[in-house]
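1. Take a look and give me a structure for this.
(chains A, B, C and D)
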Number of protein chains: 2
Amino acid sequence: MGKGAETRERILDQAARIASRDGLEGLTIGTLSSELGLSKSGLFAHFGSKDELQLQVLQAAVQRFEYGVIRPALTAPRGEPRIRALFDRWISWVNQEDMPGGCILIAASVELDDRPGLQRDFLVQAHRARVAALAKAARIAIEAGHFRPDLDPEQFAFDFYSITLGYNDSKRLLRDPRADDRARDAFERLLASCRA
Amino acid sequence: MGKGAETRERILDQAARIASRDGLEGLTIGTLSSELGLSKSGLFAHFGSKDELQLQVLQAAVQRFEYGVIRPALTAPRGEPRIRALFDRWISWVNQEDMPGGCILIAASVELDDRPGLQRDFLVQAHRARVAALAKAARIAIEAGHFRPDLDPEQFAFDFYSITLGYNDSKRLLRDPRADDRARDAFERLLASCRA
DNA sequence: TGCAAAATAGTACGATCGTTCGTATAATGC
DNA sequence: GCATTATACGAACGATCGTACTATTTTGCA
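-> I've put the predicted structure just below:
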């Protein structure tokens, strides 16, 4: 990895932290550069525009999610165990301690939901892929005989993801000490309702 | 109502629209005043600071939620009918067409979840009250014999609210045409699992 | 109708925003 | 070890941010 790529990684890493707390729009080239000990213009040269910086922050986050949640969970046995692995990793992703503002993908979802642009387009596509991965895991669980055959996999994905959103809210905004229990309880009931 | 209070209402109304799309931090005194045909300083004088403007936008939104969702639903008969009324109104609130960026309370939740301040404090307190209202409605449904006696009302509130968050995501970000069906389906299954 | 008070406008401020440009320094390939 | 390219810097740009002052208009009441 060349020097430039190395710096770019450092930048995106810190940028993700800032964006998780202050949003993609609250992420500022001035603060970002000074926190990293770089000059504004030097940092700027890596991206060429703030739009591009935001986009790359999103892309990096999606990739980290892919490698930190989806792929490891796919090593779990097909069916319910894999679904459980997905949930466990998803929850701890939402609960990342090194992200001062929580899950950047949730933050970006709300921030971009009605703001057209490349950032939104990318986020939507990535989000669709995540939901599709959940639905596929449910489909596999049906094939494996763990889930009832008449289960709607897309509905399962909706239910699953809703729980993670509720967890995020209880944990980060309300700081409810029982947030983990609540999410776990909801998930177990979801599983029970899906079983064959 | 004096002239000042009238203008303040107009301001807060437009401010809510802007904040719903661009966030409380993206809400700017310059754009806000020019969109309303006011001078920056004239508008500013109504609030004294941006913090105060943000706070009043939040307070107005919470009050509108109270009068548009909670109170009307409380006129429905105790028990399951009231729960249904809450859900119906909650869903159409999240789906407000006059808010270009969707529910401002959800947006603010994600924006403020890790940013200390009066705005966050107020939002948390208001959010706790909303969740408490849900739990109370569940408790009443238990008393009425509609829900099973061993149901955990707070868990019900978590499940209920999670569905509305999932709905918001499906509707506004993914633009899933089946978002309404998905939320409705999840809600009906939640109800079924709660019945006595 | 006149007058104090309330409401709005005007102007200016320092700070910071994203961005451009020219230049210096550091890393890389031969 | 040198030439070339990649990388970073410094200064400056116009625009806009929130906020402070002062002046002007408008309002509501005696």
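2. Run through who's touching stretch A:60-78.
-> Identification of contacts with stretch A:60-78 by CB atoms under 8 Å, 6 or more residues apart in numbering or on different chains yields A:12-13, A:16, A:82, A:84-86, A:88-90, A:93, A:104-105, A:108, A:122, A:126, A:130, A:133, A:140-141, A:143-144. To be clear about C-beta, it is placed using only N, CA and C from the backbone, and glycine gets the same treatment.
3. go with 7 Å
-> Outside stretch A:60-78, the residues that touch it by CB atoms under 7 Å, 6 or more residues apart in numbering or on different chains are A:12, A:16, A:82, A:85-86, A:89-90, A:93, A:104-105, A:126, A:133, A:140, A:144.
4. pLDDT below threshold where in chain A?
-> A:1 (pLDDT under 70).
5. Tell me if the helix or strand encompassing A:Gln119 is near DNA strand C.
-> Assigned by DSSP states H and E, A:Gln119 belongs to helix A:118-143. No: Helix A:118-143 lies out of reach of DNA strand C by CB under 7 Å from any atom of the strand, never closer than 12.7 Å.
6. quick one: that helix near chain B?
-> Yes: using CB under 7 Å from any CB of the partner chain, helix A:118-143 reaches chain B at A:Val124, A:His127, A:Arg128.
7. got the angle between the following helix or strand past that helix and helix A:118-143?
-> Reading on from helix A:118-143 to the C-terminus, the next helix or strand found by DSSP H and E is helix A:153-168. Interaxial angle of helix A:153-168 relative to helix A:118-143 (axes from the mean of the first three to the mean of the last three CA atoms, to 10 degrees): 120 degrees.
8. counting contacts, what elements does helix A:153-168 pack onto?
-> Under the contact criterion of 3 or more CB pairs under 7 Å, 6 or more residues apart in numbering or on different chains; DSSP states H and E, helix A:153-168 touches helix A:80-94, helix A:118-143, helix A:179-194, helix B:153-168, helix B:179-194.
9. Now do the third one against helix B:153-168: the angle between them, please.
-> Read that as helix A:179-194. Counting by the same axes, to 10 degrees, helix A:179-194 lies at 80 degrees to helix B:153-168.
10. what residues does helix A:179-194 touch?
-> A:80, A:87, A:91, A:147-148, A:151, A:156, A:159-160, A:163, A:166-167, A:170-171, B:155, B:158-159, B:162, B:189, B:193.
11. Residue of chain A nearest DNA strand D, please.
-> In chain A, the residue that lies nearest DNA strand D is A:Gly4 (2.1 Å; CB to the nearest atom of the strand).
12. Then that residue would be within a strand, right?
-> No: counting by DSSP: H, G, I helix; E, B strand; the rest coil, A:Gly4 is not part of a strand but helix.
13. how many neighbours does it have?
-> 10 (other CB atoms under 10 Å in any protein chain shown).
14. Find the nearest non-adjacent residue to it, please.
-> Spatial nearest neighbour of A:Gly4, chain neighbours left out: A:His46 (7.2 Å); criterion: CB to CB, 6 or more residues apart in numbering or on different chains.
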